[in-house]
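Participant: here is my input, please return the structure:
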Amino acid sequence: MTDRIGTTLNRRDMLKLMGAGAAALALPGFAAAGAAKTFPSHRPPPARRKFTSAAVEAEIVRVQARIGDPELAWMFGNCYPNTLDTTVQMDTLHGKPDTFVITGDIDAMWLRDSSAQVWPYLPLAAKDESLRRLYRGLIHRHVACIAIDPYANAFLPDPRGKTTLSWAQHDLTDMRPGVAERKWEIDSLCWTIRIAHGYWKATGDRAPFDDDWRAAMHLVLATFRAQQRKHGPGPYRFQRASAVPTDTVPLDGYGNPAKPVGMIFSMFRPSDDACIYPLFVPANAFAVVSLRQLAEMSRALHGDAAFAADCEALAAEVQAALGKHAVMTEAGADFWAYEVDGYGNQLFMDDANVPSLLSLPYLGFCARDDARYRRTRARAWGERNPYFFRGRAAEGIGGPHEGLRMVWPMSLMMRALTTDDAGEIRQCLHWLKTTHAGTGFMHEAFDQDDPAKFTRPWFAWANSLFGELIVDLADRHPEMLR
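Facilitator: Below you'll find the model as predicted:
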């Protein structure tokens, strides 16, 4: 997810990063009231964009017309197409369409990020063949990655290549060709199901769901079953020589002790930080949703009732285990833990990366107004969460990945996506607009008191999520953008 290098860029640096000549692309009419200020587009020039979709371009125009604030409209125009503009590589692999999506400033593809980065364009895919080609290619690439190693989180463009990530060069694990990093995170496989299911629902296209996809999904289920660890620790272990404790896994690479209670073990969180207790609650909740989506697809696309039933059985088992072991109680009120070990030990915190406790309704695990979720949400967005930070610039959730005081814009977007409260939404939009440090893009994290101190100037997932939020508000709460 990150090379852990903090970066502070001025506006000129950002323009150089996003493409020479970008400053000339002014957005007509985006001038502050009573002032001469305009907001030049920070997109690469059309000839330098990696991928172009007519439907996406039309959506930008549609949504910007609904935004009353010129700066917010400008930010949307920069962020929403950023994944397509800068991170998509189209080709063929094994005779099939291939789409490789890098994270931005890291030249590798995370299963999680690549899925999340293109998620906002799904509503447009039915009317744009170029987008359908992109999604077919990404689904095929995910299948190829899972076939290489279902335990890996990140992959290389060349399925035969050796990792180019400096921090992963000497990891003690079963590193295979094509793998960029091999951190076992439940959510990596869940995201591949989520994007496949979302694409199928949006388009009805059956083309990507061939025998190779079916084989990969069987491997996903087998991996989840193995990591319930009912019959021993399973085949995965991971260690890294690092000064950063969250980059490695204790006890010979198998993780801290946990009881096999039906939940799936995860060695790492979606931040790529090691779990303290291996029964990571948000990812198990995500798995419940994903397994049921996979069952639905297997029945509808392949008539595979037996496999669908296996998926549903695991989903039910995980959900029951969550209810039994992952619920905390204080002063008579129950809420979700973040990690547990099955022995009765429970950790409460939240991290900005998705899946998180804050994101449970976004992922489809519960409704926004679910009582237990509301209690969990209130604790996550407050002093009960050690990674909640409040400063002069903003307040929000971060995580150990970038350390204390660092608010992740993704948490602000997720808070707005999981509420209908007008005050919360307006406050999140205000913070997002006032903490981009003049760049017009979202970042990984920024200092709670000084947004000019930020990490990752080119982080496409955050840009996509911001675009998704603005589109969501334009349709769900248009009054918030006027």
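Participant: ramachandran coordinates for Ser359?
Facilitator: Note on Ser359: backbone dihedrals following degrees, to the nearest 10 are phi -90, psi 0.
Participant: is it true that it touches Pro282?
Facilitator: Yes: with contact defined as Cβ atoms under 8 Å, Ser359 and Pro282 form a contacting pair (7.0 Å). To be clear about C-beta, it is placed using only N, CA and C from the backbone, and glycine gets the same treatment.
Participant: which of the two has more neighbours?
Facilitator: The neighbour count for Ser359 versus Pro282, taken as other Cβ atoms under 10 Å, is higher for Pro282 (29 against 24).
Participant: part of a helix, is the more buried one?
Facilitator: Yes: inclusion of Pro282 in a helix is indicated when DSSP: H, G, I helix; E, B strand; the rest coil is applied.
Participant: and the pLDDT for the nearest residue to Val56 once chain neighbours are set aside?
Facilitator: For Val56, ignoring the flanking residues on the chain, the nearest one in space by Cβ to Cβ, 6 or more residues apart in numbering is Pro81 at 5.6 Å. You'll see Pro81 listed with a pLDDT of 98.
Participant: ok, Pro81 - how many residues close by?
Facilitator: Pro81 has 25 nearby residues by other Cβ under 10 Å.
Participant: in stretch 120-134, which residues are buried?
Facilitator: Across stretch 120-134, burial judged by 16 or more other Cβ atoms under 10 Å covers 120-122, 124-125, 128, 131-134.
Participant: mind putting the residues you listed into JSON lines with secondary structure, distance to Ala243 and pLDDT?
Facilitator: As requested, the buried residues of stretch 120-134 are exported to JSON lines (DSSP: H, G, I helix; E, B strand; the rest coil; distance: Cβ to Cβ, whole Å; pLDDT from 0 to 100):
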{"residue": "Pro120", "secondary structure": "helix", "distance to Ala243": "37", "pLDDT": "98"}
{"residue": "Tyr121", "secondary structure": "helix", "distance to Ala243": "39", "pLDDT": "98"}
{"residue": "Leu122", "secondary structure": "helix", "distance to Ala243": "40", "pLDDT": "98"}
{"residue": "Leu124", "secondary structure": "helix", "distance to Ala243": "44", "pLDDT": "98"}
{"residue": "Ala125", "secondary structure": "helix", "distance to Ala243": "44", "pLDDT": "98"}
{"residue": "Asp128", "secondary structure": "coil", "distance to Ala243": "47", "pLDDT": "98"}
{"residue": "Leu131", "secondary structure": "helix", "distance to Ala243": "43", "pLDDT": "98"}
{"residue": "Arg132", "secondary structure": "helix", "distance to Ala243": "45", "pLDDT": "98"}
{"residue": "Arg133", "secondary structure": "helix", "distance to Ala243": "44", "pLDDT": "98"}
{"residue": "Leu134", "secondary structure": "helix", "distance to Ala243": "39", "pLDDT": "98"}
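Participant: with respect to Gln227, which of the residues you listed is nearest?
Facilitator: Nearest to Gln227 among these is Leu122, at 28.6 Å by Cβ to Cβ.
Participant: does the closest one touch Ala196 like I think?
Facilitator: No: using Cβ under 8 Å, Leu122 is not in contact with Ala196; the gap is 10.9 Å.
Participant: now do the strands in the stretch 101-250 of the chain.
Facilitator: Using DSSP state E, counting those that start in this stretch, the strands of the stretch 101-250 of the chain run over 109-110, 154-155, 179-181.
Participant: now distance to Ala295 too, for those strands, in a markdown table please.
Facilitator: What follows is the strands of the stretch 101-250 of the chain, written out as a markdown table (distance: least, Cβ to Cβ, whole Å):
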| stretch | distance to Ala295 |
| --- | --- |
| strand 109-110 | 25 |
| strand 154-155 | 26 |
| strand 179-181 | 28 |
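Participant: where does pLDDT dip in the stretch 1-150 of the chain?
Facilitator: 1-36 (pLDDT under 70).
Participant: tell me where the stretch 51-200 of the chain has helices.
Facilitator: Counting by DSSP state H, counting those that start in this stretch, the stretch 51-200 of the chain has helices at residues 54-64, 70-79, 82-86, 111-118, 129-148, 186-203.
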